[in-house]
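Participant: whatever this is, show me its structure:
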Amino acid sequence: MSLDCTEVELRKALASLHDPDFAPSELLRSLTGCRDAGDAQCVRDTIRQALDALKPAPDTPPGARARRIYDVLACRYILALTQEATAERLGITARHLRREQREAVLVLARRLLERQEPRSLTAGPARDDPAGLPALREQVRQELAALEQSAPDSVADVAEALQAAVALEKTRTTRLGVTVTLSDTRARLIVTAHPSMLRQVLVMALGLLATQAAGGAITIQAQREGEHAAITLRGQPAAHGADPDTCLLGEMLAAQDGTLELTRDDDALCMRIVLPVADDITVLVVDDNQDLVHFYRRYTAGTRYRIVHIPTGKGAPAAIEAFAPGVIVLDVMLPDIDGWELLAHLYEHPATRAIPIVVCSVIREEELALELGAAVYVPKPVRRGDLLAALDRALATAGHPSTPQPLGAGSYAVLSNTAELPSVA
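Facilitator: Next up, the predicted model:
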């Protein structure tokens, strides 16, 4: 089995390590040496043993690569922590964690391959790795890395990506006599993937299915399942014989924490694509600098963050109740009240304490900002990457807050010069 396919299969298994209903594929059973199709526990135990074997010695420095790889795998898959919680525990950004996680899974995949017989590592090209494909895969990796570097926090609208893919594949599906039916996609479904990557994955998936189901039909459905979005493409009737090679598609999805499952159901061939959902996060910006807010909106375009803005601190209570922000970006030099006092009160008030606050100011007082309750401090002028990283860190630090309760009349009485703050009860 090639390293690429091993990584794809391993990601599926790691994501289902705590799922009692997980059914490992034949490739995964072969990889782990568990031949019994019904023995999923053997597969899970083998993966855990390989992961435990990566545990470094107690005296290994915290910054060592071996320590970093093990900690990422243990947090994400043994402890089953979210990406946000893992990033916070390890003291890195969510973007950095995604890179570390991919590297760690590759290391674990190599370890599992080393457990196989030597011939599997020294034999000629794998059946699913014909001449030229390794170079193509390396090129794809480079393209994906470039996309992530240029837009690390991009999100994709599933409906838009599906509609674009169907339109791009129309010539091929028409030539092959394939009817494509796209189910209702009016419900907003956003995933944590670069739009170009998702669109290309869907184009390739449609092309593979159209070839398999020539003269038949393809139906496409997309729906939310908990914290993930599932896109199911079903081609029927599908040609019998070997399944199409989807390792490259799986690798592209794995780079975005997604998975691909290929199954046969009677005379149909199904592709199931799963990606994490990116819920919209409202960011309340309290700043009287309209030009800066314009840049904030440009910085967050195409991400899950949605900017709402008020120019004064006294408008904070009503804005918090109206917009239920997931994060507040606060300037401390406000025209009406002292931003430091507003920060302290928002942190002390039980209705707003759960909302993480990013202090963004020309005043270089990071220590004071953190002492008064800020989750993150960012100095002005702020660059796009710094702002997005600060928002990610703020969410990872405090979690997603529940909808704030009404602050009530007089709730800001502890602040000086705030007698005219409006009641929001």
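Participant: all contacts plus neighbour counts: C-alpha atoms, from now on.
Facilitator: OK.
Participant: mean pLDDT per helix and strand in the protein: which one sits at the bottom?
Facilitator: Of all the helices and strands that make up the chain, helix 119-122 has the lowest average by mean pLDDT, DSSP states H and E, namely a mean of 36.
Participant: any low-confidence regions in the stretch 301-425 of the chain?
Facilitator: Residue ranges of the stretch 301-425 of the chain with pLDDT under 70: 398-425.
Participant: and with 80 instead?
Facilitator: 302, 396-425 (pLDDT under 80).
Participant: how is this structure partitioned into domains?
Facilitator: With domains defined by automatic domain parsing, the chain comprises 3-129, 156-276, 281-398.
Participant: those: lowest mean pLDDT?
Facilitator: Per-segment mean pLDDT for the domains of the chain reaches its minimum on domain 3-129, at a mean of 77.
Participant: now do the strands in this structure.
Facilitator: 156-157, 179-182, 190-191, 217-225, 228-236, 259-265, 268-276, 281-286, 305-310, 327-330, 357-361, 376-379 (DSSP state E).
Participant: just name the most buried of those strands.
Facilitator: strand 357-361 (a mean of 27; mean count of other Cα atoms under 10 Å).
Participant: kindly provide the distance from the closest residue to residue 376 other than its chain neighbours to residue 380.
Facilitator: Beyond its immediate neighbours in the sequence, the residue positioned closest to residue 376 (Cα to Cα, 6 or more residues apart in numbering) is residue 358, lying 4.8 Å away. Here the distance between residue 358 and residue 380 works out to 12 Å (Cα to Cα, to the nearest Å).
Participant: now stretch 383-397, how far from the chain's geometric center?
Facilitator: Centroid separation between stretch 383-397 and its chain, computed with Cα atoms, centre = their mean, to the nearest Å, is 15 Å.
Participant: list the contacts for the residue nearest the centre of the chain?
Facilitator: Centre of the chain computed as the mean C-alpha position; nearest residue by Cα atoms, centre = their mean is residue 192, 4.3 Å away. Applying Cα atoms under 8 Å, 6 or more residues apart in numbering to residue 192 gives the contacts 153-156, 256, 275-278.
Participant: among the residues you listed, which pair sits farthest apart?
Facilitator: Longest distance between any two of the contacts of residue 192 is 14.4 Å, between 153 and 275; criterion Cα to Cα.
Participant: quick one: contacts for residue 295?
Facilitator: Residue 295 touches nothing, counting by Cα under 8 Å, 6+ apart.
Participant: confirm for me that residue 215 is in contact with residue 178.
Facilitator: Yes. If you go by Cα atoms under 8 Å, residue 215 and residue 178 touch, sitting 5.1 Å apart.
Participant: more crowded one of these two?
Facilitator: Summary of the neighbour comparison: residue 215 and residue 178, criterion other Cα atoms under 10 Å, with residue 178 having more neighbours (22 against 17).
Participant: and the more buried one, how far is that from residue 172?
Facilitator: Residue 178 sits 9 Å away from residue 172, taking Cα to Cα as the criterion.
Participant: between those two, which contacts overlap?
Facilitator: Between them, residue 178 and residue 172 have residue 210 as joint contacts when contacts are counted by Cα under 8 Å, 6+ apart.
Participant: so the nearest residue to residue 374 once chain neighbours are set aside bridges to which residues?
Facilitator: Spatially, and ignoring its direct neighbours in sequence, residue 374 is nearest to residue 357 (5.0 Å; Cα to Cα, 6+ apart). Beta-bridge pairing of residue 357, defined through DSSP bridges, involves residue 328.
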